[in-house]
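[1] I would like the atomic coordinates for the input below:
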Amino acid sequence: MDLGIAGRKAIVCASSRGLGRACAHRLAEAGCEVVINGIDKDRLAATAAELRQATGAKITAVAADVASPEGQKALFAACPEPDILVNNNAGPPFRDFRELDRQKMIDGVVGNMIVAIELIQKAIEPMVAKKFGRIVNITSGSVKMPLAGLDLSSGARAGLTAFLAGVARSVAASNVTINFILPGIFDTDRFRSNVESTAKKKNISYGDAVALNVDSVPARRMGAPDEFGATCAFLCSAQAGYITGQNLLIDGGRFPGAF
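    Take a look at the predicted model:
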């Protein structure tokens, strides 16, 4: 399917691995010029080389922390007027809410709410002027189904969702869309890290902890990052211009609701 975005410029945050990388890959495959980002310079360079080889697209690697003003400046120096912005950032580590002090809570809100808003502030006016913009925010299935231990992540990402709900409607007439993808259990480094933490706390094996998670998914499997990336690319497509302000849950049916 031709997504109608060949030649568009995209920034994909936190994209050296995992779900961000999958999004960058699918956008590059669709013909976009993609700026990828991460804090591990060597891993980022390897990812850039692999994406260039796989897609033939122009891939620019920006090693920077998107939570910092300097990191954001570097991203927009590489791509001053993106047509597509995929917001993504690592969430706070899995921990009991009693262990959170004020600074940890502030850092979590900055990383998973404020940073995305700051990046959108920088990107949105050129999108409005060009009458094309696609903004996708990678949040979490825990926005709809909060999980103990991920309270800070859930709260900050839910705050971002509510904050941008009105913003999405305010720019829709300019063919600028803002949507959210809420991943469930995907086979990523972050999932494996959370499972290791759970296994230690419950004094069970890593394999048993994985099985407990997978057994909670009606699809009886973890999600593949590539299918997540394909969904992101569609939301960035020309055909998705009538979809905005929506939360798309991708969790294999784990959330037990009809709406």
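
[2] just the element for residue 169, please.
    helix 151-171 (DSSP states H and E).

[3] buried ones in that helix, by neighbour count?
    Judged by neighbour count (16 or more other Cβ atoms under 10 Å), helix 151-171 contains these buried residues: 151-161, 164, 167-168, 171. In short, each C-beta sits where N, CA and C put it, glycine included.

[4] what separates that helix from the chain centre, distance-wise?
    13 Å (Cα atoms, centre = their mean, to the nearest Å).

[5] returning to that earlier point: closest one of the buried residues of helix 151-171 to residue 195?
    residue 153 (15.4 Å; Cβ to Cβ).

[6] so that closest one sits against residue 108, correct?
    Yes: using Cβ atoms under 8 Å, residue 153 is in contact with residue 108, at 6.8 Å.

[7] what sits in contact with each of these two?
    91, 92 (Cβ atoms under 8 Å, 6 or more residues apart in numbering).

[8] before we move on, back to that, can you give me the mean pLDDT across the helix holding residue 169?
    The average pLDDT within helix 151-171 is 96.

[9] what does that helix contact?
    Contacts of helix 151-171 (Cβ under 8 Å, 6+ apart): 91-92, 97, 100, 104-105, 108-109, 111-113, 116-117, 120, 124, 127-128, 133, 137, 139-140, 142-143, 146-147, 177-180, 244-245, 247.

[10] same thing but 7 Å
    By Cβ atoms under 7 Å, 6 or more residues apart in numbering, the residues outside helix 151-171 that reach it are 91-92, 97, 100, 105, 108-109, 112-113, 116-117, 124, 128, 137, 139-140, 142-143, 146-147, 178, 180, 244-245, 247.

[11] just want the angle from the helix or strand that that helix is followed by to helix 151-171.
    Going down the chain from helix 151-171, the next helix or strand is strand 176-183, by DSSP H and E. Here the directions of strand 176-183 and helix 151-171 differ by 160 degrees (axes from the mean of the first three to the mean of the last three Cα atoms, to 10 degrees).

[12] export the next helix or strand after strand 176-183 to PDB, keeping only CA atoms.
    Heading C-terminal from strand 176-183, the first helix or strand you meet, by DSSP H and E, is helix 189-202. Only the C-alpha atoms of helix 189-202 are listed here, as PDB (Å, rounded to 0.1, in the frame of the first residue of the first chain):
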ATOM      1  CA  ASP A 189      14.200  -4.600  25.900                       C
ATOM      2  CA  ARG A 190      12.000  -2.500  28.200                       C
ATOM      3  CA  PHE A 191       9.500  -5.400  28.500                       C
ATOM      4  CA  ARG A 192      12.300  -7.800  29.300                       C
ATOM      5  CA  SER A 193      13.700  -5.400  32.000                       C
ATOM      6  CA  ASN A 194      10.300  -5.100  33.600                       C
ATOM      7  CA  VAL A 195       9.800  -8.900  33.600                       C
ATOM      8  CA  GLU A 196      13.200  -9.400  35.200                       C
ATOM      9  CA  SER A 197      12.200  -7.000  38.000                       C
ATOM     10  CA  THR A 198       8.900  -8.800  38.500                       C
ATOM     11  CA  ALA A 199      10.600 -12.200  38.500                       C
ATOM     12  CA  LYS A 200      13.000 -11.100  41.300                       C
ATOM     13  CA  LYS A 201      10.200  -9.700  43.400                       C
ATOM     14  CA  LYS A 202       8.100 -12.800  43.100                       C
END
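
[13] helices or strands next to helix 189-202 in the packing?
    Contacts defined by 3 or more Cβ pairs under 7 Å, 6 or more residues apart in numbering; DSSP states H and E place helix 189-202 against helix 206-215.

[14] so which bits of the very next helix or strand once past the helix it packs on are buried?
    As assigned by DSSP H and E, the chain's next helix or strand after helix 206-215 is helix 225-235. Neighbour counts over helix 225-235 (16+ other Cβ under 10 Å) mark 225, 228, 229, 230, 231, 232, 233, 234, 235 as buried.

[15] stretch 23-41 too?
    Under the neighbour-count rule (16+ other Cβ under 10 Å), stretch 23-41 has 23-39 buried.

[16] what's the span of that stretch, first residue to last?
    One end of stretch 23-41 to the other measures 19 Å (Cα to Cα, to the nearest Å).
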